[in-house]
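Trainee: sequence first, then the predicted structure:
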Amino acid sequence: KAGVTQTPRYLIKTRGQQVTLSCSPISGHRSVSWYQQTPGQGLQFLFEYFSETQRNKGNFPGRFSGRQFSNSRSEMNVSTLELGDSALYLCASSSASSTDTQYFGPGTRLTVL
Amino acid sequence: AQSVTQLDSQVPVFEEAPVELRCNYSSSVSVYLFWYVQYPNQGLQLLLKYLSGSTLVESINGFEAEFNKSQTSFHLRKPSVHISDTAEYFCAVSDGLRGGSQGNLIFGKGTKLSVKP
């Protein structure tokens, strides 16, 4: 089975712009979660989608949003980028239940100038 | 609220020496516990997990962790490390009872293991 894929792998934007990141889960997985990783704050949960519905949400401002499509692929969007949004954004997929392992993608490295 | 504390940000060790990476968590409900490993410029890989049952869990590459409910700990150990174990290790907890979702993993700040020859 192919693993979790994320595109693009690297992205450079300027303050005020918006960005969309994409995540394709492992085939058959219906849950997709997003995390932000920074040196200062570590790994922080952004949100989780399951069957096209947001199931859980972390403590991030409304500039961070996401969605999931019927094929379970997910996108996250960050509007009005700030310097502090520079981070590695990781996507993870799992099948359904609470005991299923989360499998992580390689991440998208976003740099905001 | 749940939280995870990894007591050591960096652990240098010589090859073939034993190592312990410490992890403590706080939670008022039953939890699931995980250790993930991250190699440079890569995503996270699951090393091992505790969901229920035996409190000692093992990975295929020689790591083990023991769930200690009274001490709220889930320390990671390996009796003999290799150069290839050099990576950053993250302890994580999820509240598996809340909404049946594992999606909101709470991570510790990570421990960088550096294995020297």
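Mentor: Ah, there it is.
Trainee: bridging residues for residue A:93?
Mentor: With DSSP bridges as the criterion, residue A:93 is bridged to residue A:32, residue A:103.
Trainee: let me fix that, I meant to ask about residue B:57.
Mentor: residue B:65.
Trainee: near chain B, which residues of chain A show up?
Mentor: A:4, A:31, A:33, A:35, A:42-45, A:48, A:50, A:55-56, A:58, A:90, A:92, A:94, A:97-107 (C-beta under 8 Å from any C-beta of the partner chain). The C-beta positions use only the backbone N, C-alpha and C, and glycine is treated the same way.
Trainee: could you check the pLDDT of residue B:43?
Mentor: As predicted, residue B:43 sits at a pLDDT of 88.
Trainee: so what does the helix or strand bottoming out on mean pLDDT in chain A touch, helix or strand wise?
Mentor: The helix or strand of chain A with the lowest confidence, counting by mean pLDDT, DSSP states H and E, is strand A:53-57 at a mean of 89. Counting contacts by 3 or more C-beta pairs under 8 Å, 6 or more residues apart in numbering or on different chains; DSSP states H and E, strand A:53-57 packs against strand A:42-50.
Trainee: what lines up beside the strand it packs on in the sheet?
Mentor: By DSSP bridges, strand A:42-50 pairs with strand A:31-38 (antiparallel), strand A:53-57 (antiparallel).
Trainee: local confidence estimate at the most centrally placed residue in chain B?
Mentor: Centroid-nearest residue in chain B, with C-alpha atoms, centre = their mean: residue B:35, separated by 3.0 Å. Residue B:35 is assigned 95 on the pLDDT scale.
Trainee: from chain A, how far out is the nearest residue to it once chain neighbours are set aside?
Mentor: Closest residue to residue B:35 apart from its sequence neighbours, by C-beta to C-beta, 6 or more residues apart in numbering or on different chains: residue B:47 at 4.3 Å. For residue B:47, the distance to chain A equals 11 Å [C-beta to the nearest C-beta, to the nearest Å].
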